[in-house]
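Undergrad: Build me a structure from this.
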Amino acid sequence: MKSLARSHLWFPGIDLVIENYVKSCVACQSQANSTRESSLAFWPSVDFPFQRIHIDFAEYDKKNLFIVVDAYSKWIHVDILQSTDTSSTIQCLENLFAVFGLPETCVSDNGPQLVSREMCEFMDKLNIKMINSPPYHPKSNGAAERAVQVVKRALEKQEIEKNKYTSFKQRISSLLYAYRNTPHSVTGKSPSELIFKYVPKTKLSKLKNLDPVRERVKIYQDYQMSRVNENRTVTEYSLGEEIWVRSVRGEKVKWFPGNIIEVQSPYIYKIRTDHETRIVHVDHLRKRFKRTSREIKVPNKLNL
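TA: Numbering: from 1, shown residues only. Presented below is the predicted three-dimensional model:
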C-alpha cells in the first residue's frame, strides 16, 4: 500500500499516515488474527497445606468426578458424584474441609454450580475467597486442569488390568494411593509427606534428605518463567480503555469492540461489550485504535 501511494504522490510523513490509517481500520481489526499469548503467569506461592485449593469437574466412563488439588502439597482429592449440582458440590467441600480445614482461597472455572448464589453464600459464610478463572481460558486454572489429566491418565492405564478391581471406587482409591505417595516433580516430596509430616510406608518407601519445598518450587518457577517468557510480553490495559475482545463462541466476527470496566490483575480484566459483561484473560484482548480527523498538512515547499 505504501509503494502504491508513493507511486502517485509523496509528502513528509506519508508512511506514518498510511500505517495509522490501516491500523485504525474497523473491519481489519474485527477480523484480525488472535493476539500472541501473554507471558506465563503463576499464582502467588503458598506457605502451608490447603491455603489455596483448585477445583474442577471431569467425566470418565459416564461417571462424574469432582477433583480438588492443594496448591502447596499437590494433594489430589476425588469424589464420585451422582449429580454435579451445587448442593452435591457443597457437600463434597464440607467433607473435605472437615478433614483439612478451611482454605483461604478456592479457584474454579465458571461452571454454573460454582458461580451460583448458593455457592457464593457458602464461601462467604466460611470467609473463603472464591476466584473464578476467565471462561475459555483453562490455563488460568492450570493446577486443576493438570489434576484432571493425572486422574484420567491413571484411569486409562488401569484399563489394561481392569479385571483386578472390584469397583470403579477401588480404581480411584488405587490411583490416589499411588499418586499421593509418589514424590512430586515440583516439590520433591510426596503429597502425603507434606500433609502428614512423615513418609507413609509403601512398597517402595525410601527416606531422603530433600531441599525445602518452598525453595524447590521457587527454583522451578523461575526456570519455567525465564524459559517461557523469554520472547513474551504482557500488554497492559487501563480502566475505561476501549479494546477489542476476542470472539469465543464461533461467531463470524473474530473481535468485538468493548471497554475495560475493572482491572483485576495484569492478566485478568472485566470487560463490557454491546452483548455482555464478562471476565477475560489478557490473551483475549487487543488494543483498539481509532481514526482521527486531523488534517494532513502538506508543506508548500519541500527541502530537497
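Undergrad: what's the neighbour count on Lys201?
TA: Counted with other C-beta atoms under 10 Å, residues neighbouring Lys201 total 8. All C-beta atoms are positioned from the backbone trio N, CA, C, and that covers glycine.
Undergrad: quick one: it is in a helix?
TA: No - assigned with DSSP: H, G, I helix; E, B strand; the rest coil, Lys201 falls outside any helix and is coil.
Undergrad: all helices for the protein, in order.
TA: Secondary structure of the chain, counting by DSSP state H: helices at 2-6, 14-23, 26-30, 86-100, 117-125, 142-158, 168-180, 191-196, 213-228.
Undergrad: Need the contact partners of the fourth one.
TA: Under the contact criterion C-beta atoms under 8 Å, 6 or more residues apart in numbering, helix 86-100 has outside partners 49-50, 55, 66, 68, 70, 77, 79, 81-82, 103, 113-114, 116, 118-119, 122, 126, 195.
Undergrad: buried set for that helix?
TA: Within helix 86-100, the residues scored as buried using 16 or more other C-beta atoms under 10 Å are 86, 88-90, 92-93, 96, 100.
Undergrad: on that earlier part again, of the contacts of helix 86-100, which belong to strands?
TA: Here DSSP state E is the test, and those give 55, 66, 68, 70, 77, 79, 81 as lying in strands.
Undergrad: of these, closest to Ile261?
TA: Ile55 (26.9 Å; C-beta to C-beta).
Undergrad: Which residues are in contact with that closest one?
TA: 66-69, 93, 106-108, 114, 144.
Undergrad: Which of these has the largest number of neighbours?
TA: Val69 (26 neighbours).
Undergrad: contacting residues for it?
TA: Applying C-beta under 8 Å, 6+ apart, the residues near Val69 are 53-55, 75-77, 143-144, 146-147.
Undergrad: cool, Ser133 as well?
TA: Ser133 makes contacts with 107-110, 140-141, as judged by C-beta under 8 Å, 6+ apart.
Undergrad: again, but for Trp43
TA: 52, 71, 107, 143 are the contacts of Trp43 under C-beta under 8 Å, 6+ apart.
Undergrad: Which segments of the chain make up each domain?
TA: Domain assignment of the chain by automatic domain parsing yields the ranges 25-40+236-287, 52-228.
Undergrad: And those, which one averages the lowest pLDDT?
TA: Ranked by mean pLDDT, these bottom out at domain 25-40+236-287, with a mean of 80.
Undergrad: Please spell out which residues along stretch 159-175 are buried.
TA: Those would be 168, 171-172, 174-175, for stretch 159-175 by 16+ other C-beta under 10 Å.
Undergrad: need the residues you listed in a markdown table with distance to Val217, can you?
TA: Shown next, in a markdown table, are these (distance: C-beta to C-beta, whole Å):
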| residue | distance to Val217 |
| --- | --- |
| Phe168 | 33 |
| Arg171 | 30 |
| Ile172 | 27 |
| Ser174 | 28 |
| Leu175 | 24 |
